[in-house]
Structure formats: C-alpha cells, structure tokens
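Asker: Can you look at this prediction? I've put the sequence above it.
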Amino acid sequence: MRALRIGNASGFYGDRFDAVREMLTGGELDVLTGDYLAELTMLILGRDLLKDPATGYAKTFLRQMEDGLGLAHERGVRIVANAGGLNPAGLADALRALAERLGVPARIAHVEGDRLPAGPGVLAANAYLGGAGIAACLDAGADVVVTGRVTDAALVTGPAQWFFGWRPEDADWHDKLAGAVVAGHVLECGTQATGGNYAFFTAHAPALLRRPGFPLAELHADGSAVITKHPGTGGVVDTGTVTAQLLYETSGARYAGPDVTARLDTVRLTREGPDRVRIAGVRGEAPPPTLKAGLCRLGGFRNEVVFVLTGLDIEAKADLVREQITDALATAAPAEVRWELARTDRADAATEETASALLRLVVRDPDPERVGRTLTGAAIESALASYPGFHVTAPPGKGAPYGVFESAYVPVGEVPHTAVLPDGTRVPVPVPEETRVLEPVPEPELPAPPPAGPTRRAPLGLVAGARSGDKGGDANVGVWVRTEREWRWLVHTLTVDRFRDLLPETRELRIERHVLPALRALNFTVVGILGDGVASQARFDPQAKALGEWLRSRHVDVPEEFLGGRPEELPGDRPEETVTDRPDGVLVDRPEKPLGDRPDEVLVDRPDEVLVDRLEEPK
C-alpha cells in the first residue's frame, strides 16, 4: 500500500499565515494538518468565549480557509486541525457558511467531548482526546475535520487509522499507532522540524534557514515514516532537526497519550537522502486508563516595572531602589514581590544602553489595586529621590490578569469523546479495549566512557545540541550529541548534579534525568521552574524556550578530540546501518569499503564531498 503523505501548516495560533497555501500548492499531499492549541492559547480562547459565546476558536484558521478550502478541494486534500479550541461546533458551522459562500462542496465534520465541567474561576477545562474521533469523521467522507482539545499527535494518528484501516484487533496495533504518534510529534511544531530554532543553525547557509518550509511525513502502513518537506522550500531536514523535535516537550522513554504509549527509547532515525529522515522501529504499549486534562483559571493580577541602572555602582543603585520600593509598599504589600537584576552592563561601554543593567520588579496579588495604583505610586514617586540616572523602560500601568495552568487526570470512560459527522450524526467513540498503568522505565545500562585524554574548557554547545520547552509549571531540556564517542562522554558528564551546577536557578528544584541511548540523548525535567505555567510569567523566559541554549553556553571540560577535527572511531562506535548528519559536513561514518561494494549503495552528489547512503536492508 502506498504511503500517506501528511503535512503540517501550523505549529501554534499565530504561525505563518500563508503556510496553508504553501503546503497545498507546493507538492503532493493527502492530508494537511494544523496545530493551533497550546496552554496559553486555551486561556486566550477562554477569554474570547466569555466576551462572545459564538467564538472560542482560532479565527486565523477560518481566514486561512478563505483561500485554502477551494485549493484543498481542487487537489483532493483532507484538512484536519484542532483550531476548534473551546467551540469546535461553532467553527464547523462557520466553515459550512464559508463553503456555501465560496461555492465549494466541502463536507465539514467536527470532534467534541473534550470540554469538562469547569469549577469556580476556571476559564477552560479540557481533556486531551486521541485520533479515533478524527478517523470516524474521515471514514464518513469528511473533507475538513476540526476538533477541540486533542493531543497534537492525534492530528496524525486519526488520518493514519482512516487511511490504512488500522484496527485494535491488528496484532501490531500499538506499534503502528506509536509510529504515527512519533511522526505526529515531529510534525506538530511546524518548522521546528525543518531547521527552525535549531541548535546547530550556524552550520547551514543563512539563506537556507531564512524561511524554512513546513514539514511533511510519508507514513507507511507499518507505522514507519519518512520526514521530509516539499521540494524547493527552505530549511533542512536531517537527523539533528528530527532529534531536536523528538526531545521537545517530552520526558522519559514512555510518551503516553490517549491512543497509545509510544516508547521513545525504541525510535531509530536513519538519513535516507537529502532532506529525508526515516523513523522506524517504534514500539507501542496500551495507553493509560486516564486522560490528561488541562485546567486554565484566573490566577490573579500582576504588574511589573523595569528600572534602568547605568554606569557605576550598579549593585548599590539596585539596593537603594529595592529598599525604597519595599518601604513604599509596606502598608499594602502585594502577595508576591520578585526582584531580578540582569547585569547587561559593560565596563567603559561605548553606548549608554550597553552601560546599563536592568532591575525587574514583578508583583502579583488577587487584588488588582495592590499591583496597580499602589505599585505605580511607589515606583514613579521615587523618580527624583532615588539613584542617579533614575529611569524605567515604561511606567507601570494597571494590573493585568494572569492565568494559571494545572494538569489533572480523569478516567477515560468519563469523557464523552464524540465524532459529529458531516450529516450531523453523532457517533460515540469507544474507549480503548486495553489500557496499561504507566510505570517508570529502568535506566538502561550506560556505555563505558571514552578513554581519558586532554580536555579544554569550552561551551557544552560546541559538542551538544539542546531544545527546551514548557509543560505546565515544569520545563524540559533535551540534550543530544552526534557520535557514539561523544555520547559516551555526555552520558557520564551531564549528571543531575552537573546540570544543577551549570544552571544555578535549578539548584533547589527537583530534576529528573531520562536516558535515551538510541537517540544519543538525555532529557531533563525541571519540576516547578515555571511556577503556575506560561501565563503566570513566573520567570524571565516563561516558556523555558531558551533554557537549553543557556545550558549550551555554559563551560565544561570538553575532550580536545571533540573540538578540533574528528578522531578515529572507537570499535563499535557506530552501527554500520546508522547514518547520522553532522553540521560539520561529515555525514557518514562506516567501515572502510571500496565505493560501490554493495548493490544497495546510492551516491549523492554534493559540492564538497561524496556521500554514501545505505538503503534499508532487505527483510
């Protein structure tokens, strides 16, 4: 059976608007997906719904369909998106009206049931559904399926079940679904799989990454997939970009979802050719008996003011204004007061800006007055009575509401997952026939460290890539390397204690380390570093997007062999069949053999070298 070609045109609410047209006109597709929902987005949509009960969905998607609905119909492409947010039925109705106005005979369906009863102060409460409802809609002939809160990977597992006819009675049901989950996770963040936000971006020509194309997967009936992109589009797809996305917002070896629990420690990546990476070997297990749910509620009100400290005596200036503001707030102090001094100043600086440091004050309280008028008076009334050179980046205004995200778990049988077909028929989606309670995976046996040799103090990022992100109040930092020898060094070097030393902000927090040898990767979960989640803006980088880059910038003792030229491989450093991209242009490591020794070798021309790509061994 031929592969299912499934592409992505959105990684978040606000992503590149014209990506839908680019993906529909750039090459062959069977299905086009769009991911519009995130924790912060649910709060935004909840606020919209309070103002107007007819809204609560991603309006951008509806505008994209002004152009995309006709293009998709002409090309026979099905569209699946979670843009329904808190009101998928409302979005489906709006799409039907749009299709009628445009004269496009599109059959519209939607999936609902994810919304849960909301308690006092809760703006949105939603369970994460799987892909079975999407599959039911496509089985009924839907051209467009919009959903509420489904897992990001469900946008791929649903079409895969429909296209290949996968059923629970299949012997390898969980493995196939797990392969689709992994492919879906790679696609979900759009251009992050094609070179966006990539640690080793400087290894590629700037023009290549200026406008990365969106990714697509060629998904096969056995659950394996090839990640690629449309011909002629920008960006790059290699094992590094795919590894980075696999580590993004995940944690341990078991990646649980409502469809299946995918074992990330079984994923095998192979470079199949330029901009083509094969994902194979993924194992799956029965999903857990509960569904994750996200609760978004109003946390209170916050405000901030940033004082600019210029020139000499930075620490003394910070101490003075800190004491003055603390005294001024004493009679009506906010519930939470947080100061952060960022030493962005330089000695003997050539510009005033580079001679300045920033002192950030953030306050939170249930009472908007305590973070509004009280703070404004305290900050501004000090203007002529504080440190020399007093000024702020902007005067504080009224206190603004902030949101809090909480995770909860509900029994899968208590969530009315429902497919609403194009003709209006409502089809209940059955719960999984088999479930399995999640258990930690024992840490795998670690490889022997490489032989000791000379080291040099250098940034970790000269050897290791990283990608980080948020999950509620926690952050994850995935770190990977490109060779087996580097892996032997990394896994023994980057312990939890070393991680804490390198990132002092994490020293008092619980940190979990997960070892993924097949990806030559470590994944760290830093529990609680983001407070109540992104909307609470608990720290300078509220989504931990750059936490991994901070880690890469820290200096460690790096073996010199990793910093200058490539050493001889240790015996067994690389399985013969593994082909891994390296940003330094050394793309293939394999035993010495005359070129053309094997009939399955493919020569790929490059301006600087000749690559040898191994095709998959015959089964």
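Answerer: Yep, that arrived.
Asker: Could you pull out the strands in the stretch 51-200 of the chain for me?
Answerer: 78-81, 108-112, 122-127, 144-147 (DSSP state E, counting those that start in this stretch).
Asker: Just name the most buried of the ones you listed.
Answerer: strand 144-147 (a mean of 32; mean count of other C-beta atoms under 10 Å). For glycine as for every other residue, the C-beta is placed from the backbone atoms N, C-alpha and C.
Asker: do you know which of the strands of the stretch 51-200 of the chain lies nearest Tyr198?
Answerer: Distances from Tyr198 to each of those were compared by C-beta to C-beta, and the smallest falls on strand 78-81, at 25.2 Å.
Asker: Name the residues that touch that closest one?
Answerer: Contacting residues not belonging to strand 78-81 are listed as 10, 30-36, 58, 61, 65, 68-69, 72, 134, 138, 142-147, 155, 158-159 [C-beta atoms under 8 Å, 6 or more residues apart in numbering].
Asker: I figured Lys229 hits Arg211, correct?
Answerer: No. At 11.8 Å, Lys229 and Arg211 do not qualify as touching, with contact defined as C-beta atoms under 8 Å.
Asker: what's the burial count for the nearest residue to Gly284 once chain neighbours are set aside?
Answerer: The shortest distance from Gly284 to any residue that is not its chain neighbour, by C-beta to C-beta, 6 or more residues apart in numbering, is 2.9 Å, and that residue is Ala178. By the other C-beta atoms under 10 Å criterion, the neighbourhood of Ala178 contains 29 residues.
Asker: Next up, the contacts around Ala178.
Answerer: For Ala178, the contacting residues are Gly223, Val260, Thr261, Ala262, Arg263, Val282, Arg283, Gly284, Glu285, by C-beta under 8 Å, 6+ apart.
Asker: So which of those wins on neighbours?
Answerer: Neighbour counts for the contacts of Ala178 (other C-beta under 10 Å) peak at Ala262, which has 31 neighbours.
Asker: List the residues that contact that residue.
Answerer: Ala262 sits next to Leu177, Ala178, Gly179, Val181, Val182, Arg254, Tyr255, Val282, Arg283, Gly284 when contact means C-beta under 8 Å, 6+ apart.
Asker: what do you get for Leu155?
Answerer: When contacts are counted by C-beta under 8 Å, 6+ apart, Leu155 touches Asn8, Thr33, Gly34, Asp35, Val80, Ala81, Asn82, Gly131, Ile134, Gly184, Leu187, Glu188.
Asker: can you check Arg552 too?
Answerer: The contact partners of Arg552, taken as C-beta under 8 Å, 6+ apart, are Ala199, Pro459, Leu460, Gly461, Ala464, Gly465, Ala466.
Asker: Can you lay out those as TSV showing secondary structure?
Answerer: Shown next, in TSV, are the contacts of Arg552 (DSSP: H, G, I helix; E, B strand; the rest coil):
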residue	secondary structure
Ala199	coil
Pro459	strand
Leu460	helix
Gly461	helix
Ala464	coil
Gly465	strand
Ala466	strand
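Asker: now the lengthiest helix in the chain against strand 108-112, angle please.
Answerer: Using DSSP state H to define each element, the chain has its longest helix at helix 59-75. Between the axes of helix 59-75 and strand 108-112, defined by axes from the mean of the first three to the mean of the last three C-alpha atoms, to 10 degrees, the angle is 140 degrees.
Asker: Residues in contact with helix 59-75: which ones?
Answerer: By C-beta under 8 Å, 6+ apart, the residues outside helix 59-75 that reach it are 9-10, 13-14, 17, 20-21, 24-25, 29, 32, 34, 36, 77-79, 81, 83, 91, 94-95, 98-99, 102, 104-106, 143-144, 146.
Asker: Narrow the residues you listed to those in helices?
Answerer: Of the positions in these, Val20, Arg21, Leu24, Thr25, Leu91, Ala94, Leu95, Leu98, Ala99, Leu102 sit in helices, assigned by DSSP H.
Asker: Closest one of those to Leu375?
Answerer: Proximity to Leu375 was ranked across those by C-beta to C-beta; first place goes to Leu91, at 39.6 Å.
Asker: Assess the claim that Val237 and Thr228 are in contact.
Answerer: Yes. Under the contact definition of C-beta under 8 Å, Val237 touches Thr228, with a separation of 5.8 Å.
Asker: can I assume Trp173 is in contact with Arg167?
Answerer: Yes. In this structure, Trp173 is within contact of Arg167 by C-beta under 8 Å, at 7.0 Å.
Asker: who's more crowded, these two?
Answerer: Just comparing Trp173 and Arg167: by other C-beta under 10 Å the higher neighbour count belongs to Trp173, 20 against 8.
Asker: any idea what sits nearest the more buried one, other than its immediate chain neighbours?
Answerer: Spatial nearest neighbour of Trp173, chain neighbours left out: Trp166 (6.5 Å); criterion: C-beta to C-beta, 6+ apart.
Asker: got the phi/psi numbers for that neighbour?
Answerer: phi -60, psi 140 (degrees, to the nearest 10).
Asker: quick one: pLDDT of it?
Answerer: The predicted local confidence for Trp166 comes out at a pLDDT of 97.
Asker: quick one: contacts for it?
Answerer: Ala160, Trp173, Lys176, Leu177.
Asker: By neighbour count, which of those wins?
Answerer: Neighbours here mean other C-beta under 10 Å. Within the contacts of Trp166, the largest count is held by Ala160, at 30 neighbours.
Asker: What is the neighbour count of the closest residue in space to Ala54 that isn't next to it in sequence?
Answerer: Setting aside the residues directly before and after it, Ala54 is nearest to Gly90 in space (C-beta to C-beta, 6+ apart), at 5.9 Å. Using other C-beta under 10 Å as the criterion, Gly90 is surrounded by 20 other residues.
Asker: Which residues are in contact with Gly90?
Answerer: Gly90 makes contact with Ala54, Thr55, Gly56, Tyr57, Gly84 under the criterion C-beta under 8 Å, 6+ apart.
Asker: tell me the phi and psi of the second one?
Answerer: Translated: Thr55. For Thr55, the backbone dihedrals are phi -100, psi -140 (criterion: degrees, to the nearest 10).
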